[in-house]
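Trainee: predicted model follows, preceded by the sequence.
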2 protein chains.
Amino acid sequence: MPSYTAPTRDARFILNEMLDLAGYAHLPGFEMATADVSDAVLGEGGKFCAEVLAPLNRVGDEEGCTRHEDGSVTTPPGFKEAYTQFVEAGWGTIAAPEEFGGQGMPHALGFALEEFISSANQAFGMYPGLTNGAVSALIAKGSQEQKDMYLPKMISGEWSGTMNLTEPQCGTDLGMIRTKAEPQADGSYALTGTKIFISAGEHDMTSNIIHLVLAKTPGAPDSTKGISLFVVPKFLVNEDGSVGERNTVVCGSIEEKMGIHGNSTCLLNYDAAKGWLVGEENKGLAAMFIMMNAARLGVGVQGLSQAEAAYQNAVAYALDRRQGRALTGPAEPEAQADPIFVHPDVRRMLMDAKAFTEGMRALCLWGALQVDLSHKAETEEEREKADLIIGLLTPVIKGYGTDKGYEVATNMQQVFGGHGYIREWGMEQFVRDARIAQIYEGTNGIQAMDLCGRKLAQKGGAGIQAFFTMVGEEVEQAKGDEALGPIAEALGKALAEQQAATMWFMSNAMQNPNHLGAGAHHYMHMMGIVTLGFMWLRMAKVAQAKLAEGGDDAAFYETKLATARYFMDRYLPDVGAFRRKIETGSDSMMALGEEAFATAA
Amino acid sequence: MPSYTAPTRDARFILNEMLDLAGYAHLPGFEMATADVSDAVLGEGGKFCAEVLAPLNRVGDEEGCTRHEDGSVTTPPGFKEAYTQFVEAGWGTIAAPEEFGGQGMPHALGFALEEFISSANQAFGMYPGLTNGAVSALIAKGSQEQKDMYLPKMISGEWSGTMNLTEPQCGTDLGMIRTKAEPQADGSYALTGTKIFISAGEHDMTSNIIHLVLAKTPGAPDSTKGISLFVVPKFLVNEDGSVGERNTVVCGSIEEKMGIHGNSTCLLNYDAAKGWLVGEENKGLAAMFIMMNAARLGVGVQGLSQAEAAYQNAVAYALDRRQGRALTGPAEPEAQADPIFVHPDVRRMLMDAKAFTEGMRALCLWGALQVDLSHKAETEEEREKADLIIGLLTPVIKGYGTDKGYEVATNMQQVFGGHGYIREWGMEQFVRDARIAQIYEGTNGIQAMDLCGRKLAQKGGAGIQAFFTMVGEEVEQAKGDEALGPIAEALGKALAEQQAATMWFMSNAMQNPNHLGAGAHHYMHMMGIVTLGFMWLRMAKVAQAKLAEGGDDAAFYETKLATARYFMDRYLPDVGAFRRKIETGSDSMMALGEEAFATAA
């Protein structure tokens, strides 16, 4: 069975040394997240993940969730007990607002823990993860009454939350939603319709489930401008806050999926279920995007999390399994064979994974810090800049992070050879679980269009310009340095390739928007690599400074520098190839009509 | 449930128009494979695959194989009946030698059918596929008595075959085998040991199973120079050819795998099982490589097959599913939304798949023709050249073909959005089934080392030189042509990048063989792209000639030209990136020791 250790040293490096959270102690919430506190959260939280959640990962996969005739759902053995422990320890409350019982600490810290939870057990982590998405929407758009009624118990974890968007006929295109919300005399609405793919839609872990549901009111426009958001509790809430009557929303079935079997993915039938409007009528899309953006960052973390868990096990296997000899001569002549760790192609896969997981961790936590700063920075200008940057990078974190996370999980399975294909080793589960992250909360093709079709042009391109300036300045600063110089030079070249591709879009997309669509996915990957390179340059800079100080843990910092060099050698060359592909435009991609795709017998 | 149509039109294009099999009618076996005959084989065989095998693909995945207490194994419902039909129709005998009851036709034709079988049902196709591997070894190394005893019934399909290499402690490194073969007074051997991952190791579809087993005789050298090959029938064969006493080889368990559940992957226990030496003692590795090379080409076809099956279903879904609007304005304004086929990112995935499957089909069939020519060409020089070329390309077909096949299957699943993750749609099965092909018959890392460490240098580099000349000449011929010129130019540039990377290996690998190992996987992919580009240039040339003739089916040929252009636009740019990665050598890849990979809490 796979094992898992929370990479707390690396998270501490990012939070304390690279991001210097202590330097933000003048901002609300940050003052609590001292190095001592965050080390304790990471240490204890990491232990909980490794000891309680990770051992349930295979169980969840093997046993899955069971729906009973009355529509109730039982989670896999051990999940409920683990969830109770999770709630008691408050692991879900780190970054939630104090006003509603949260601990009010930075998202950067909360996100570090989210990675550990998801690495240990992605299917489990989705239960509190979905609650977080629903919480964000209620915080942003709920009435005070709704906030008071739902948030404290959702934040504590006593109740969980869901996001109900998809219907059989509509996923991406939410304008096609058919679920109806009929206004009632008491100010509530009666919701009727069918929602599918609802993660954590029904289960036995909490005493109530708060569904946030997109639906249409009578006469609403037949587009995304006609959808409204409703809160629909599984059990109606009495005035004293206790759980009352059962609402008429029922799980009709559980989906049989490729993976994440530990999470109950439900078809929910709403039969005049009682719900209440959240925010304004017909403004549901904006509210949905608040949930969605929070969720998308969380999904990016899932890409990292499965790559990390798979990587740790691949390293262990590569050091244990002996086959063949090092190309440079036997590494352990007394043994019958060398560990496969000596083979360059095994090392290629491990280094690729290491460069991704550490770079992606830095990106996720730095991204979470931007979320914090977008709310809490002192000046409007700083808040706006942070908001722009994280808006721009959200599709990159989600799209690139999960595509690459899946690739890394697959490669780590490959390290195991034939054993990787056998279920009991657990490696194939990482691959199956990682796969969903490329699909849900907007497929990665949608992320690419969000990035290129919306974010690049937003506010006259202010976001991407700020990004270019930020990376460019980091490159310029490091250029003269002996150790950092070559890394900066390589990143500078890659940045120039991205800038050229951006210019190409600007010059060509107006004339034919398909030119943008045809390059969007490549652009998202190109930007993912450049952004990770930016993180690696920053990490290398910190590592070099630490080495110059001559303190402890030199090996850790040397490793960072070596991995940064690997990143520049083996990741950055793809950026130029993406640019060349983008610049071929959409002509050859869109040349063929549907008949050309038919299989002729 | 997914559907499947055998792409016979495309296979006929390759066999008849591109490879011009009729032009080889002076060679033995080819005279039988007239266009009429091969069209009939493809047509009827394709129908059998679509109508009989494809409907069993999901059943095989859901039901899997069942091992009973006595060690017997039942295949999924319908498999046995389908196999009986398969044998009766003689679909496994197309390219087998007439001497032993085969039809003696070209492998190029047999391979086309193999793709259809594997697309329809990869797990099913493995049963006759493994038999083929065992047959190749017996043809090459068996005694006349062994050939007469086993081959007719294996070729007819009455009996099946297996390859027994892997043991718990050894997969790639066959020198570590522990299975013992003790010589007996009657000239036979008693084999004792445990073999794992034995595909089709035990089942109920044939009246006998002929195991080819690697084992060590007493006192054999403790390396790959000490392994011998044995034939060990499940039932001993009486002198009259009938099935006799049960041999002491028993299935101890069936592996629980990620996919290919319809194939019984067995742990086999040999307990003094009666076997006979095939070929010479201690020369088992060479015999094994004969099986292996045949099997590797077959595995390459599996990569193609799952990509093709997934592609067909993704096309159908993309034309049916409606979400959003074309970027250039509504394509079907009267409908509520456009088919997702209009979106460039969906088209990107479909075109990527189309360019791969058609290019890979051409490569597999052209490769199979080289196998034929290596045996049957008129001059020793031609036979040697064909042998060199297919030896060089076998790891590329297996390694690149299955890596890219998995990627395409994954992308085709992506086209389905959330539905792709749900089992009932069948797309996730294509991904799980495709995954094994990157692993078995030598992981793709091993393929890369076979290519770079052995094949590049073989006979003083004669194989790769012949390849460069062949591709270079095709490029030169096409350069002046208006339609083909740009395609040829792009391929010529990619070829030059591959040549430069080859030179880099030559200049640097002697000094440090890790430089070779660190670039081998990239080189294999680079060469896969160049080789597919070569196929696309040849297909484009044929298509253009057909268009110039002005006959029927102009749309088919126009589509070939357009797809060739897409290939050049979107595949070839990666070749330069691979070169740049290779030229960074192994320094950053091998810089870190094992402690640098430990997870620090």
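Mentor: Here it is on my side, so go on.

Trainee: now do the helices in the stretch 401-550 of chain A.
Mentor: Per DSSP state H, counting those that start in this stretch, the stretch 401-550 of chain A carries helices over the ranges A:427-436, A:444-449, A:458-478, A:485-508, A:513-549.

Trainee: give me the contacts around the first one.
Mentor: Taking contacts as C-beta atoms under 8 Å, 6 or more residues apart in numbering or on different chains, the residues outside helix A:427-436 that touch it are A:2, A:57-58, A:61, A:122-123, A:257-260, A:302-303, A:306-307, A:309-310, A:313-314, A:402, A:405-406, A:409-410, A:412-413, A:416, A:419-423, B:257-258, B:410, B:413, B:421, B:428, B:431-432, B:435. (Glycine included, C-beta is placed from N, CA and C.)

Trainee: just give me the neighbour total for A:E69.
Mentor: 5 (other C-beta atoms under 10 Å in any protein chain shown).

Trainee: hmm, back to that, now which of the contacts of helix A:427-436 would you call buried?
Mentor: A:2, A:57-58, A:61, A:122-123, A:257-260, A:302-303, A:306-307, A:309-310, A:313-314, A:402, A:405-406, A:409-410, A:412-413, A:416, A:419-422, B:257-258, B:410, B:413, B:421, B:428, B:431-432, B:435 (16 or more other C-beta atoms under 10 Å in any protein chain shown).

Trainee: now do the longest strand along chain A against helix A:427-436, angle only.
Mentor: Criterion DSSP state E: the longest strand present in chain A is strand A:265-278. Between strand A:265-278 and helix A:427-436, the angle comes out at 30 degrees (axes from the mean of the first three to the mean of the last three C-alpha atoms, to 10 degrees).

Trainee: send me strand A:265-278 as CSV with only the CA atoms.
Mentor: The C-alpha coordinates for strand A:265-278 follow below in CSV (Å, rounded to 0.1, in the frame of the first residue of the first chain):
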residue,chain,number,x,y,z
THR,A,265,-20.9,11.8,-7.0
CYS,A,266,-24.7,12.1,-7.1
LEU,A,267,-27.6,12.7,-9.3
LEU,A,268,-29.9,14.9,-7.3
ASN,A,269,-33.6,15.2,-7.9
TYR,A,270,-35.2,18.4,-6.8
ASP,A,271,-39.0,18.0,-6.4
ALA,A,272,-40.3,21.4,-5.4
ALA,A,273,-37.5,21.6,-2.9
LYS,A,274,-37.6,24.7,-0.7
GLY,A,275,-34.8,27.1,-1.4
TRP,A,276,-33.9,30.8,-1.0
LEU,A,277,-32.4,33.2,-3.5
VAL,A,278,-28.8,34.1,-2.8
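
Trainee: distance from that strand to the middle of the chain?
Mentor: 26 Å (C-alpha atoms, centre = their mean, to the nearest Å).

Trainee: buried sites along the next helix or strand after that strand?
Mentor: Following strand A:265-278 in sequence order, the next helix or strand is helix A:284-320 (DSSP states H and E). Neighbour counts over helix A:284-320 (16+ other C-beta under 10 Å) mark A:284-285, A:287-288, A:290-318 as buried.

Trainee: restrict these to contacts with chain B.
Mentor: Residues of those in contact with chain B (C-beta under 8 Å from any C-beta of the partner chain): A:312, A:315.

Trainee: hmm, back to that, helices and strands around the longest strand of chain A, which ones?
Mentor: helix A:122-141, strand A:180-183, strand A:189-199, strand A:208-215, strand A:228-233, strand A:249-254 (3 or more C-beta pairs under 8 Å, 6 or more residues apart in numbering or on different chains; DSSP states H and E).

Trainee: as a markdown table, these with mean pLDDT and distance to A:T559 would be great.
Mentor: Below are the helices and strands packed on strand A:265-278 laid out as a markdown table (pLDDT from 0 to 100; distance: least, C-beta to C-beta, whole Å):
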| stretch | mean pLDDT | distance to A:T559 |
| --- | --- | --- |
| helix A:122-141 | 96 | 27 |
| strand A:180-183 | 98 | 55 |
| strand A:189-199 | 98 | 37 |
| strand A:208-215 | 98 | 44 |
| strand A:228-233 | 98 | 47 |
| strand A:249-254 | 98 | 44 |
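
Trainee: done for today, thanks.
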